[in-house]
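Chemist: coords please:
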Amino acid sequence: MGKKIIITSGPTNERIDSVMKITNMSTGALGCIMAETLLEEKEAEIEKIFYISTKMSYKPRVENAKIEYVTVESTQDLIDALKDISSKHKIDIMIHSAAVGDYAGKYSIRAEDLVDEIWDTIQNVPAKDITKEMLIKIFENPRSIADNSGKMSSYEPHLMTMLTLTPKVIGMVKRLAPEVKLVGFKLLDGVTKEELLRVATKLREKNNADYIVANDLSKIGKGKHWAMIVGSNGVVCECETKKEIAKAIGKLVF
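Modeler: Next comes the predicted model:
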């Protein structure tokens with residue numbers, strides 16, 4: 001029986017209103033090359049690849065019935081897709097290359113409304129009783145948030161959006177599929193190899209991942225994509241291109 005694989009790829013998009021979104025610069029190119037390379041080199045050993053990405057992310061440039069495309073939009077969509085697939089299939093390998101956004105929009109508000117609410121609050125409280133916690137509660141749940149179910153006005157000069165943290169998807173994987181071989185990714189920018197290794201090792205241990213592909217943004221571009229793959233015994237190998245990363249991962253997880 002061939003292996004069932006999940007590859008997550010590209011960014012997530014978090015809605016602010018019916019038009020605006022928060023996203024990132026990921027294109028899904030690495031996940032795309034990952035799927036293509038596995039099919040080139042390991043097709044006989046693969047039963048199915050569930051390729052999870054947003055609509056505009058790169059898709060594998062091969063026609064193969066072994067790829068099933070799952071389109072998502074937000075972080076929650078991605079989590080729901082993982083739960084659904086894991087409940088129906090025994091997943092052998094998960095390559096979590098998606099650049100999941102760290103933040104999602106919580107609410108939007110006119111600065112004037114927020115200031116009014118804070119002002120009204122402190123007018124009715126003795127100065128000695130005003131606390132940071134009191135003001136933070138207003139920021140967490142103000143009364144006059146904008147309705148984000150439609151398109152917000154284009155003419156608000158002081159519109160503000162409060163962001164909230166998104167769930168960490170990698171931390172859910174082994175709970176959904178305890179026996180899966182998990183490959184995660186970590187991207188930093190302009191750090192030393194020692195610092196990148198430290199952060200990647202901590203991420204691997206925290207989430208019980210088998211491998212972490214540790215990238216440095218300052219070393220990506222012009223056809224190059226330097227990365228080191230970190231396993232339980234430290235650095236397994238270093239790669240110079242996306243294709244090399246894909247080949248290395250294929251050897252490690254099969």
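Chemist: Quick check: end-to-end length of stretch 47-60?
Modeler: In stretch 47-60, first residue to last residue: 17 Å (CA to CA, to the nearest Å).
Chemist: Can you tell me what sits against it?
Modeler: Here stretch 47-60 makes contact (CB atoms under 8 Å, 6 or more residues apart in numbering) with 1-13, 26-29, 31-32, 35-36, 38-39, 66-73, 78, 81-82, 85, 89, 91, 98. C-betas here are computed from N, CA, C, even on glycine.
Chemist: Of those, which belong to helices?
Modeler: If you go by DSSP state H, these have Ala29, Gly31, Cys32, Ala35, Glu36, Leu38, Leu39, Leu78, Ala81, Leu82, Ile85 in helices.
Chemist: of these, buried ones?
Modeler: Buried members of those, scored by 16 or more other CB atoms under 10 Å, are Gly31, Cys32, Ala35, Glu36, Leu38, Leu39, Leu78, Ala81, Leu82, Ile85.
Chemist: Please report the number of neighbouring residues for the nearest residue to the fourth one once chain neighbours are set aside.
Modeler: I take that to be Glu36. Excluding the flanking residues, the one nearest Glu36 by CB to CB, 6 or more residues apart in numbering is Pro60, at 4.9 Å. For Pro60, the neighbour count with other CB atoms under 10 Å is 22.
Chemist: name the element Pro60 belongs to?
Modeler: For Pro60, there is no host helix or strand (DSSP states H and E).
Chemist: cool, Leu196 as well?
Modeler: The secondary structure element spanning Leu196 is helix 193-206 (assigned by DSSP H and E).
Chemist: Done for today, thanks.
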